[in-house]
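S.K.: structure, please.
(one chain, ligands or ions: 2)
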Amino acid sequence: MSTARFPPSPTRPILNEGPFRALLLENIHPSAEEMLKAEGFQVERLSSALKPAELAERLKGVHLLGIRSKTTVPPESLVHAEDLLAIGAFCIGTNQVDLTAANTHGIPVFNAPFSNTRSVAEMVVAEVIVLTRQLFDRSREVHTGQWRKVATGSHEVRGKTLGIIGYGHIGSQLGVLAESLGMRVLYFDVMTKLPLGNSRAVATLDELLAQSDFVTLHVPALTSTHMMMGAEQLAKMKKGACLINASRGTVVDIAALAASLRSKHLGGAAVDVYPEEPEGNSDGFVTELQGIPNVVLTPHIGGSTEEAQASIGKEVATSLSKFFRTGATTGAVNFPMVEAPLIPGTHRILNVHRNIPGVLRDINRIVSDLNANIHAQVLSTDSNIGYLVMDLDQDVSRPVCDAIAGLTTDIKTRIVS
Ligand SMILES: NC(=O)C1=CN([C@@H]2O[C@H](COP(=O)(O)OP(=O)(O)OC[C@H]3O[C@@H](n4cnc5c(N)ncnc54)[C@H](O)[C@@H]3O)[C@@H](O)[C@H]2O)C=CC1
Ligand SMILES: O=C(O)C(=O)COP(=O)(O)O
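M.R.: Ligands and ions are numbered 1, 2, ... in the order given. Sure thing, here's the model as predicted:
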């Protein structure tokens, strides 16, 4: 997170007069393109991520940006993105976006907090069984003409303990699925969470590590989760236990994991996410985990099912369209929340400003001087910015909008009708 550095006040308001452009990166599902086109957007879709400098260049004249987990959006990508109204993260994680910088530029960031959670939980269930039966190693052997029919080291999952770190949307669904296989489920979360089924919270991470046959991570990328599974924590896992990481690559120390697997302390691992991931499918990839027995490596596909992607496409495109048409910021992860029904026969001014004393007074003076009648006014603030939604008579909306956009405290102002 960067500290707030406000952009220069724009000299012109943005009106809802097209053409409007959306840039969708990382192979976002066509359902999003369809919805945005129906909304009147010119949509450009790219299959891979863009590096920050290229993103900054491509954002000129773009009103909506769609990304997934790979595209980082640092402050420098937003400096010249004067037309950018909103960012859609077509995924759960928003750690790839500098949320403070986006907030400071008056740009809300929307995500899809639920749509791919079931897909991740199902993949992890599969990995628990794959690891305990060493299925990928046996399969590779048969593919290369070896017949190694062995039971040693293979187990049923029934009666085994699954330890879930982060009992949120994914972790809690996974617990229910694992119980249906007869597993005992423990979880560790920094928040108090309602246990589903017979799952049980443990008080410390160490307790979870000491008791679990499988440890699976479902925490966001935060400073507090950075490398939370290092050599010390891996050593506290039971001998022969397996580690699964489908959360973020920053959460596990890969070198320590590789060492623990090579020393045979851990019996296996499934890893879907890495500290550095390629921009797109045509790039190569190297990790220290390659070639270690009973290690399942997947290319960040936990949420990559057709069901999840189609649903995410619609969910985030709906949030973006609604924001575009009405200014609603419900579900935005970095912005004051406002949602108000449009009033027929009025124009709506949407104004993002620096949250300092006197701004509302200045705006209301403009409204009063121009003899405008306010039909509705909603202000929501955070410590950095204020977000004002104001419905006015149509004949005065343009001069009011121009005058508000001229205030030194202005960040972004537009009219919708
Ligand atoms: N591999 C993939 O394709 C996907 C990966 N993900 C990742 O999975 C993460 C989790 O997703 P959800 O379950 O939907 O998020 P969530 O926000 O519903 O749950 C995260 C949980 O982790 C807990 N937590 C935070 N810090 C913790 C700590 N230090 N120790 C223990 N618990 C902690 C939170 O209290 C919360 O309950 C996402 O943030 C994303 O990074 C999400 C979807 C797909
Ligand atoms: O939803 C998330 O946070 C994920 O990690 C999935 O990311 P993706 O859309 O596959 O790039």
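S.K.: shaky segments in this protein?
M.R.: 1-17 (pLDDT under 70).
S.K.: name the nearest residue to the residue nearest in space to the middle of the chain, ignoring sequence neighbours.
M.R.: For the chain, the residue sitting closest to the mean C-alpha position, by C-alpha atoms, centre = their mean, is residue 93 at 2.2 Å. Computed as C-beta to C-beta, 6 or more residues apart in numbering, the closest residue to residue 93 that is not its neighbour in sequence is residue 69, at 5.4 Å. Every C-beta, even on glycine, is put in place using the N, C-alpha and C of the backbone.
S.K.: next: residue 265.
M.R.: residue 239 (5.9 Å).
S.K.: which phi and psi does that neighbour have?
M.R.: phi -60, psi 130 (degrees, to the nearest 10).
S.K.: need the residues of the chain near ligand 1, please.
M.R.: 92-93, 116-117, 120, 165-171, 188-191, 193, 218-222, 224-225, 228, 246-248, 272-273, 300, 302-303 (C-beta under 6 Å from any ligand atom).
S.K.: among those, which lie within helices?
M.R.: 117, 120, 169, 170, 171 (DSSP state H).
S.K.: OK, contacts around the second one?
M.R.: Residue 120 is in contact with 170, 174, 218, 246, 302, 303, counting by C-beta atoms under 8 Å, 6 or more residues apart in numbering.
S.K.: how about the first one?
M.R.: The contact partners of residue 117, by C-beta under 8 Å, 6+ apart, come to 92, 169, 170, 173, 303.
S.K.: what about residue 198, how many neighbours?
M.R.: 11 (other C-beta atoms under 10 Å).
S.K.: what's the nearest residue to it if we skip its chain neighbours?
M.R.: residue 179 (6.2 Å).
S.K.: report the separation between the one you found and ligand 1.
M.R.: To ligand 1, residue 179 is 17 Å away according to C-beta to the nearest ligand atom, to the nearest Å.
S.K.: residue 411 now?
M.R.: From residue 411 to ligand 1 the distance is 28 Å (C-beta to the nearest ligand atom).
S.K.: likewise residue 229?
M.R.: Residue 229 is 11 Å from ligand 1, by C-beta to the nearest ligand atom.
S.K.: next one: residue 151
M.R.: Taking C-beta to the nearest ligand atom, one finds residue 151 at 32 Å from ligand 1.
S.K.: check contacts around that residue.
M.R.: No contacts exist for residue 151 under C-beta under 8 Å, 6+ apart.
S.K.: for it, which three-state class applies?
M.R.: State at residue 151, reduced to three classes by DSSP: H, G, I helix; E, B strand; the rest coil: coil.
S.K.: rewinding a little: which one of the contacts of residue 120 has the most neighbours?
M.R.: Busiest of these [other C-beta under 10 Å] is residue 174, holding 30 neighbours.
S.K.: show me what from this protein comes close to ligand 2.
M.R.: So far as C-beta under 6 Å from any ligand atom goes, the chain lies against ligand 2 at 68, 69, 70, 91, 92, 93, 116, 300, 303, 304.
S.K.: using a markdown table, lay out these together with distance to residue 311.
M.R.: Converted to a markdown table, the residues of the chain next to ligand 2 look like this (distance: C-beta to C-beta, whole Å):
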| residue | distance to residue 311 |
| --- | --- |
| 68 | 14 |
| 69 | 16 |
| 70 | 20 |
| 91 | 12 |
| 92 | 12 |
| 93 | 17 |
| 116 | 8 |
| 300 | 18 |
| 303 | 10 |
| 304 | 12 |
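S.K.: report the two of those residues separated the most.
M.R.: Using C-beta to C-beta, the residues of the chain next to ligand 2 span at most 14.7 Å, a distance reached by 70 and 116.
S.K.: which one's more surrounded, these two?
M.R.: residue 116 (24 against 18).
S.K.: show me what counts as buried in stretch 267-283.
M.R.: Neighbour-count burial for stretch 267-283, with 16 or more other C-beta atoms under 10 Å as criterion, is recorded at 267, 268, 269, 270, 271, 272, 273, 274, 277, 278, 279.
S.K.: what about the closest residue to the second one other than its chain neighbours, how many neighbours?
M.R.: With C-beta to C-beta, 6+ apart as the criterion, residue 268 has its nearest non-adjacent residue at 3.7 Å, and that residue is residue 294. By the measure other C-beta under 10 Å, the count of residues near residue 294 is 20.
S.K.: again with residue 61
M.R.: 13.
S.K.: what of residue 398?
M.R.: 15.
S.K.: so the residue nearest to residue 198, which of the three states?
M.R.: helix.
S.K.: could you dump the helix of greatest length in the chain to PDB, C-alpha only?
M.R.: Secondary structure of the chain read by DSSP H shows that its longest helix is helix 306-326. Output of helix 306-326 as PDB, limited to C-alpha atoms (Å, rounded to 0.1, in the frame of the first residue of the first chain):
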ATOM      1  CA  GLU A 306     -15.700 -22.700 -16.900                       C
ATOM      2  CA  GLU A 307     -18.400 -22.400 -14.300                       C
ATOM      3  CA  ALA A 308     -16.300 -20.100 -12.100                       C
ATOM      4  CA  GLN A 309     -15.000 -17.900 -15.000                       C
ATOM      5  CA  ALA A 310     -18.400 -17.400 -16.600                       C
ATOM      6  CA  SER A 311     -19.900 -16.500 -13.300                       C
ATOM      7  CA  ILE A 312     -17.000 -14.100 -12.400                       C
ATOM      8  CA  GLY A 313     -17.300 -12.500 -15.800                       C
ATOM      9  CA  LYS A 314     -20.900 -11.600 -15.200                       C
ATOM     10  CA  GLU A 315     -20.500 -10.700 -11.500                       C
ATOM     11  CA  VAL A 316     -17.700  -8.200 -12.000                       C
ATOM     12  CA  ALA A 317     -19.100  -6.800 -15.300                       C
ATOM     13  CA  THR A 318     -22.400  -6.200 -13.500                       C
ATOM     14  CA  SER A 319     -20.600  -4.300 -10.700                       C
ATOM     15  CA  LEU A 320     -18.700  -2.200 -13.300                       C
ATOM     16  CA  SER A 321     -21.800  -1.500 -15.400                       C
ATOM     17  CA  LYS A 322     -23.800  -0.500 -12.300                       C
ATOM     18  CA  PHE A 323     -21.000   1.800 -11.200                       C
ATOM     19  CA  PHE A 324     -20.800   3.300 -14.700                       C
ATOM     20  CA  ARG A 325     -24.600   3.900 -14.900                       C
ATOM     21  CA  THR A 326     -25.400   4.900 -11.300                       C
END
